[in-house]
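Chemist: Fold the following for me, if possible:
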Amino acid sequence: MHTTVKTWQNVLRVIISSFLSLYLVFLVGLEPLNALSDGQELVLESWNIVNEAYFEPDKFDEIQWKKLRQQAIQKTILSSEDAYDAIEGMLLPLADPYTKLLKPDAYQAMKASNLGSEINGVGLQLGARKEDGEIVVISCINGSPAEDANISSGSVLIRVNGDSPKKIGLEATASMLRGENGSKVIIEIQAPGETTTEEVALERRSVDLRPVRTKRIRTDNHTLGYLRITQFSEVVPRQVEEALEELSEKEVEGIILDLRNNSGGLVSSGLAVANAFLSESPIVETKNREGITDPIPSNKETFFDGPLVTLVNKGTASASEILAGALQDNGRSQLLGDRTFGKGLIQTLTNLSDGSGLSVTVASYLTPSGRNIQNTGLEPDRYLDLPEPEIPGDNEDRWLQDSELFMEAILDLQNKELSSIHVSEEAQVEQQNPINEPIIKTKDD
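Modeler: Below is the predicted model:
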């Protein structure tokens with residue numbers, strides 16, 4: 001081989017080797033194209049959960065769901081907050097306020113309230129005012145720091161540690177009020193009818209939520225039981241059973257069930273409480289992405305089968321509406337008060353890998369008669385006069401007083417009917433054996 005050819009071959013080898021070396025160095029310096037950051041992985045994890053569970057998959061085509069995933073993943077995500085913003089932006093087109101991200105603190109607080117009857121906080125029960133979205137005080141839990149500070153029902157929460165509750169939302173506000181025993185939170189409130197605000201420092205401590213409250217009510221002619229359920233957590237069904245046993249021992253003739261301002265909680269807890277009052281009756285139907293399921297029936301055994309009336313209002317929502325609707329549709333209890341909130345959707349809570357959580361609407365529900373109450377609520381059998389009492393169950397509660405009179409009327413009518421039946425039975429006996437009819441005896445007697 002000529003020297004010139006050998007030279008060119010050597011040069012070519014050097015060029016190729018150099019090119020390959022540079023190419024390998026370049027590849028080592030790059031991450032794989034399909035590698036995702038932790039934040040992007042969290043976005044993808046959230047997308048997959050919603051994609052597999054959301055109760056209206058047809059909605060995905062309308063909002064270009066797959067495209068939203070790509071847009072969210074392609075965003076610059078350098079922190080957890082970036083990931084949360086991307087997830088919230090991805091979920092926004094669903095237009096479902098109940099399918100949402102719960103950041104770690106809010107998620108842990110929600111799980112704690114669902115599991116037990118105690119929580120570390122200040123004892124404020126809050127609600128969002130429909131007309132303007134302001135976060136207002138519904139009531140203060142007995143023995144709580146909020147009650148000690150004499151915070152009035154109906155007060156508007158202006159600031160919590162400098163943040164606007166109206167801006168951050170109800171759940172985030174509730175989360176900020178909770179914390180370690182002994183820690184403090186600064187709130188700014190505006191009392192009802194006042195134009196000025198007041199700053200109050202509250203020290204967090206263990207607060208007994210008392211989701212189930214009961215008392216005996218004695219009237220001139222009857223003994224009644226009062227049972228209030230403020231939320232549906234895991235402990236509630238057992239506490240309701242114990243309360244009903246206690247009231248039965250006190251020989252109450254009828255029970256007033258108070259579901260006012262009960263915004264729901266665990267649906268399973270609401271179904272279990274329905275079992276306490278209904279015997280082999282349909283409780284609820286659900287409709288998921290597979291279609292409508294058969295009605296969920298109640299058990300045969302009940303804990304109370306006597307006269308029952310139920311108090312509801314605009315704060316009665318979700319699991320408490322399932323219970324109220326089942327009692328109304330089965331003719332078990334009349335509803336008194338005001339139209340309920342109208343939340344006919346069911347959610348599941350799912351853990352995310354970073355300690356946050358995802359609430360996803362997985363089904364809607366229908367009452368036993370087939371009513372869909374989403375955005376419409378349950379209409380009571382009898383509306384009670386407004387304005388509504390501020391503190392349910394106290395001595396000034398006019399709605400409770402009205403329900404006592406209503407229950408007394410039911411019991412009086414029931415007793416009258418029983419008396420009429422008794423008189424009728426005696427008359428039938430007299431017709432069969434007239435008193436004045438002579439008894440003729442024969443010799444064989």
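
Chemist: Could you pull out the helices in the protein for me?
Modeler: 3-28, 38-53, 58-63, 65-73, 80-91, 104-115, 145-148, 165-168, 170-177, 236-249, 267-277, 319-329, 398-432 (DSSP state H).

Chemist: correct me, but Glu396 touches Pro389?
Modeler: Yes - assessed by CB atoms under 8 Å, Glu396 is found in contact with Pro389 at 6.6 Å. For every residue, glycine as well, the C-beta is placed using N, CA and C.

Chemist: Counting neighbours, go ahead and name the busier of those two.
Modeler: Applying other CB atoms under 10 Å to Glu396 and Pro389 shows that Pro389 carries more neighbours, namely 18 against 9.

Chemist: Please give me every residue in contact with that one.
Modeler: If you count contacts by CB atoms under 8 Å, 6 or more residues apart in numbering, Pro389 has them with Glu396, Asp397, Arg398, Trp399, Leu400.

Chemist: Among those, name the buried ones.
Modeler: Buried members of these, scored by 16 or more other CB atoms under 10 Å, are Asp397, Trp399, Leu400.

Chemist: Which residue, neighbours along the chain excluded, lies closest to the first one?
Modeler: Here the nearest residue to Asp397 in space, its sequence neighbours aside, is Pro389; by CB to CB, 6 or more residues apart in numbering that works out to 4.5 Å.

Chemist: what's that neighbour sitting at in phi/psi?
Modeler: The phi/psi pair for Pro389 (degrees, to the nearest 10) reads phi -60, psi 140.

Chemist: In the contacts of Pro389, find the pair that's most separated.
Modeler: Farthest apart among the contacts of Pro389 by CB to CB are Glu396 and Trp399. That separation is 10.3 Å.

Chemist: Show me what the longest strand along the chain pairs with in its sheet, parallel or antiparallel.
Modeler: Across the chain, the longest stretch assigned as strand under DSSP state E is strand 357-366. Using DSSP bridges, strand 357-366 pairs in its sheet with strand 100-102 (antiparallel), strand 282-288 (antiparallel), strand 345-351 (antiparallel).

Chemist: who's in contact with that strand?
Modeler: Here strand 357-366 makes contact (CB under 8 Å, 6+ apart) with 46, 49-50, 53-56, 96, 98-102, 106-107, 110-111, 284-288, 292, 322, 344-352, 372, 374.

Chemist: And stretch 135-143, by the same measure?
Modeler: By CB under 8 Å, 6+ apart, the list of residues contacting stretch 135-143 reads 123-129, 146-147, 151-157, 165-166, 170, 173, 189, 207-210, 261, 315, 390-392.

Chemist: Make a PyMOL selection of the buried ones in the residues you listed.
Modeler: Restricted to buried positions by 16+ other CB under 10 Å, the PyMOL selection for these reads:
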select buried, resi 123+124+125+126+127+146+147+151+153+154+155+156+157+165+166+170+173+189+207+209+261+315+392
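
Chemist: for the stretch 301-445 of the chain, which spans come out with low pLDDT?
Modeler: 421-445 (pLDDT under 70).

Chemist: and the longest strand of the chain, how far out from the chain's middle?
Modeler: Distance of strand 357-366 from its chain centroid, counting by CA atoms, centre = their mean, to the nearest Å, is 11 Å.

Chemist: Likewise for stretch 96-115?
Modeler: 11 Å.

Chemist: what comes up buried for it?
Modeler: Neighbour-count burial for stretch 96-115, counted by 16+ other CB under 10 Å, picks out 96, 99-103, 106-110, 113-114.

Chemist: Check stretch 369-388 too.
Modeler: So, applying 16+ other CB under 10 Å, buried residues of stretch 369-388: Arg371, Ile373, Gly377, Leu378, Pro380, Leu384, Glu388.

Chemist: Report the contact partners of the fifth one.
Modeler: Right, Pro380. Pro380 touches Val312, Gln334, Leu335, Leu336, Gly337, Asp338, Arg339, counting by CB under 8 Å, 6+ apart.

Chemist: Adding distance to Val185 and neighbour count, write the residues you listed out as CSV.
Modeler: Below are those laid out as CSV (distance: CB to CB, whole Å; neighbours: other CB atoms under 10 Å):
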residue, distance to Val185, neighbour count
Val312, 32, 32
Gln334, 42, 17
Leu335, 37, 24
Leu336, 37, 23
Gly337, 33, 26
Asp338, 32, 21
Arg339, 34, 17
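
Chemist: Brilliant, that's me finished.
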